[in-house]
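Asker: Need coordinates for the below:
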Amino acid sequence: PGLGGSWRRAPTVPTPGALNAAKLATYSAAPPAIRQVNHTPQQPTSNTAVPVTATVTDPDGVGSVMLRYQIVSPGTYIRKTDATFTAAASWIDLPMLDNGTAGDAVAGDSIFTALIPASVQVHRRLIRYQITVTDSATNSIRVPYADDEQPNFAYFVYDAIPAWSGAMRPTAFGGFAATPVQDYPQSLLQSMEPWHLIANETDVINCQYTSQAIFQGCLVHRGKVYDHITYQVRGIGSTYVSGKNKWGLKFNRTHDFQAYDNWGRPYKETWNSLGLNACASPWASVNRGAAGVEEALSFRAYE
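Answerer: Residues are numbered from 1 along each chain as shown. Here you go, the predicted structure:
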């Protein structure tokens, strides 16, 4: 009972004094207990095999441990509501071993290992994975559990921040001429902390220009993946005037965001939502970057 894998959330609200709805009749009917699922490093780089480990035990003996992974390449984000997410063909199976071979460090220590091949690790790929454990009596379970709002573990393959070029107005529009392209060297961009929102391109465009609906995506910060979050645009009157105005992100239960202060220290409390402000000035683009300064000053004063 001291293992996290021995406990489940009841499908209905339990009644005090009554039998918990999720209780199994006997220990032999329980699937293996799995914990300490991990991959290293937290954010891999290209062409390096990634070991995934998990501690698995069962009084009846562990029958098998199977990892399956899904490749999400740049520009092809898969929402958890998409049919592709659950399609068997979009997942690749790998056995996890505890015999001291194929990346497993020590045989018989209940730590099972699978190596996701180096060829899978490509810059800007999101790799998701799930693990199914089965005991000798064929009782099995998959983690993350079915009621987890983030139904997979994940990591983001990233090599380095590249140089970038962009223009405020790449092409002439609405009677206004195109603006020059500005080049930003890699050295400048690498001086700033990267944030990645991985999402469907159409969803991002709709979010910024046409719809206040709630969209699905994935945030990566400091190498940690927050998959299947939701995001939407913030604002009222000027929301869709210039795009990239304000963003509101919400995180899944038990997967709160770990934020850091200006000195790189983690806040003691994690966050279940995050509001972003681009300091845009939708009605006068020349003032972009100045709008919102009063909000920033107020926050600093409160601090």
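Asker: which stretches of the stretch 51-200 of the chain form strands?
Answerer: Applying DSSP state E, counting those that start in this stretch to the stretch 51-200 of the chain gives strands spanning 62-72, 92-95, 111-116, 126-135, 140-143, 153-156, 164-166, 182-184, 195-199.
Asker: OK, contacts around Ala177?
Answerer: Counting by Cβ atoms under 8 Å, 6 or more residues apart in numbering, Ala177 touches Arg169. For glycine as for every other residue, the C-beta is placed from the backbone atoms N, C-alpha and C.
Asker: now the helices for the stretch 101-250 of the chain?
Answerer: Along the stretch 101-250 of the chain, the segments classed as helices by DSSP state H, counting those that start in this stretch run 186-189, 201-209.
Asker: and of the ones you listed, who's closest to Tyr267?
Answerer: helix 186-189 (25.5 Å; Cβ to Cβ).
Asker: what's the average pLDDT for the closest one?
Answerer: Mean per-residue pLDDT for helix 186-189: 94.
Asker: residues making contact with that helix?
Answerer: With contact meaning Cβ under 8 Å, 6+ apart, helix 186-189 is reached by Ala160, Ile161, Pro162, Ala163, Trp164.
Asker: how far does it sit from the chain's center?
Answerer: 25 Å (Cα atoms, centre = their mean, to the nearest Å).
Asker: okay, it in CSV with CA atoms only?
Answerer: C-alpha atoms of helix 186-189 as CSV (Å, rounded to 0.1, in the frame of the first residue of the first chain):
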residue,chain,number,x,y,z
GLN,A,186,22.3,33.2,-33.2
SER,A,187,24.4,34.9,-30.5
LEU,A,188,21.6,37.4,-29.7
LEU,A,189,18.9,34.8,-29.6
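Asker: If you count neighbours, what's buried in it?
Answerer: By 16 or more other Cβ atoms under 10 Å, helix 186-189 has no buried positions at all.
Asker: ok, now which ones touch Ile71?
Answerer: Ile92, Val120, Arg125, Leu126, Ile127.
Asker: ok, now with 7 Å
Answerer: Val120, Arg125, Ile127 (Cβ atoms under 7 Å, 6 or more residues apart in numbering).
Asker: what about it, distance to Phe85?
Answerer: Using Cβ to Cβ, to the nearest Å, we find Ile71 at a distance of 12 Å from Phe85.
Asker: Over to Ala137?
Answerer: From Ala137 to Phe85 the distance is 30 Å (Cβ to Cβ).
Asker: So for Lys80, which of the helices of the stretch 101-250 of the chain sits nearest?
Answerer: Closest approach to Lys80 among the helices of the stretch 101-250 of the chain (Cβ to Cβ): helix 201-209, 13.4 Å.
Asker: Let's see the closest one as CSV, backbone CA atoms only.
Answerer: In CSV, the C-alpha atoms belonging to helix 201-209 read as follows (Å, rounded to 0.1, in the frame of the first residue of the first chain):
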residue,chain,number,x,y,z
GLU,A,201,-0.5,26.0,-37.5
THR,A,202,-4.2,26.5,-38.3
ASP,A,203,-5.1,26.6,-34.6
VAL,A,204,-2.5,29.3,-33.9
ILE,A,205,-3.7,31.5,-36.8
ASN,A,206,-7.3,31.1,-35.7
CYS,A,207,-6.4,31.8,-32.1
GLN,A,208,-4.6,35.0,-33.0
TYR,A,209,-6.9,36.4,-35.7
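Asker: Tally up the residues packed near Arg253, please.
Answerer: By the criterion of other Cβ atoms under 10 Å, Arg253 has 10 neighbours.
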